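J.: Build me a model from this:
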Amino acid sequence: MHRPIGVTLLAIGAGLLALFEIWRTLVFLGIANFTFVGQPVEFKDPQWGQAFWAILLAAIWIWIAEGFWNVRAYAWSFGLFISLFTIIFGFFAILGNAGTMESETVGWFLAIVIFMYLNYPGVRAQFEAKEMSLLTPEQKAALEQMQAAQLQMQAATIASQSAASTPTPPPPAAPPAPPAS
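T.: Numbers count the residues shown, from 1 in each chain. Here you go, the predicted model:
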């Protein structure tokens with residue numbers, strides 16, 4: 001299978017994000033701690049809410065990494081969404097004193113890199129081309145028929161809009177009123 005190097009790097013980055021979220025789950029449960037630069041992040045009592053969301057994000061990143069590895073179109077669209085969600089989740093973790101800038105930097109960095117690469121021109125086309133190659137001949141024919149019908153509908157819509165936008169002549173003017181005497 002031909003997989004572009006950038007998509008391979010996306011799969012590796014998503015896998016690293018999954019491992020990071022698993023590690024964050026351990027931190028939120030009080031099993032591990034984090035000290036990079038500055039204030040250490042550790043919890044004496046488990047933070048069940050944050051741990052739940054972190055393990056859920058880890059499961060989603062694993063699913064997306066598998067999708068990136070197999071160059072599936074769902075991974076492109078869902079990767080955009082979940083990378084933004086990871087950034088937002090980290091922001092709210094800091095606001096809720098469940099993390100520090102240092103503990104969120106790794107996740108933010110990887111999520112931003114994935115988001116930026118997915119928006120790079122031509123990346124989406126790689127995923128779409130792979131999906132198109134997986135279609136059966138019957139599915140390809142149905143897709144072509146649907147696209148032809150959409151083009152006809154678009155042409156009909158434009159024609160009806162141009163016909164509706166042609167100005168109608170104004171009604172005849174009323175005769176002038178007789179002068180007052």
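J.: ok, now which ones touch the spatially closest residue to Ala14 that is not a sequence neighbour?
T.: Excluding its sequence neighbours, the residue lying closest to Ala14 (C-beta to C-beta, 6 or more residues apart in numbering) is Ala65, at 3.7 Å. Bear in mind the C-beta positions are built from the backbone N, C-alpha and C, glycine included. Under the criterion of C-beta atoms under 8 Å, 6 or more residues apart in numbering, the contact list for Ala65 reads Ala11, Ile12, Ala14, Gly15, Leu17, Ala18.
J.: element containing Ala65, please.
T.: Here Ala65 sits within helix 48-69, counting by DSSP states H and E.
J.: With just CA atoms, put that helix into CSV.
T.: Provided in CSV are the C-alpha atoms of helix 48-69 (Å, rounded to 0.1, in the frame of the first residue of the first chain):
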residue,chain,number,x,y,z
TRP,A,48,-12.4,11.0,38.1
GLY,A,49,-14.0,13.5,35.7
GLN,A,50,-10.7,14.5,34.1
ALA,A,51,-9.5,10.9,34.1
PHE,A,52,-12.6,9.8,32.2
TRP,A,53,-12.2,12.5,29.6
ALA,A,54,-8.5,11.7,29.2
ILE,A,55,-9.1,8.0,28.7
LEU,A,56,-11.9,8.8,26.2
LEU,A,57,-9.5,11.0,24.3
ALA,A,58,-6.9,8.3,24.3
ALA,A,59,-9.3,5.8,22.8
ILE,A,60,-10.4,8.3,20.1
TRP,A,61,-6.7,9.1,19.3
ILE,A,62,-6.0,5.4,18.9
TRP,A,63,-9.0,5.0,16.6
ILE,A,64,-7.8,8.0,14.6
ALA,A,65,-4.2,6.8,14.5
GLU,A,66,-5.5,3.5,13.0
GLY,A,67,-7.5,5.6,10.4
PHE,A,68,-4.4,7.7,9.5
TRP,A,69,-2.3,4.5,9.2
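J.: Following the chain past it, name the next helix or strand.
T.: Using DSSP H and E, the helix or strand that follows helix 48-69 towards the C-terminus is helix 73-95.
J.: Report the buried members of the contacts of Ala65.
T.: Of the members of the contacts of Ala65, the ones counted as buried by neighbours, 16 or more other C-beta atoms under 10 Å, are Ala11, Ala14, Gly15, Leu17, Ala18.
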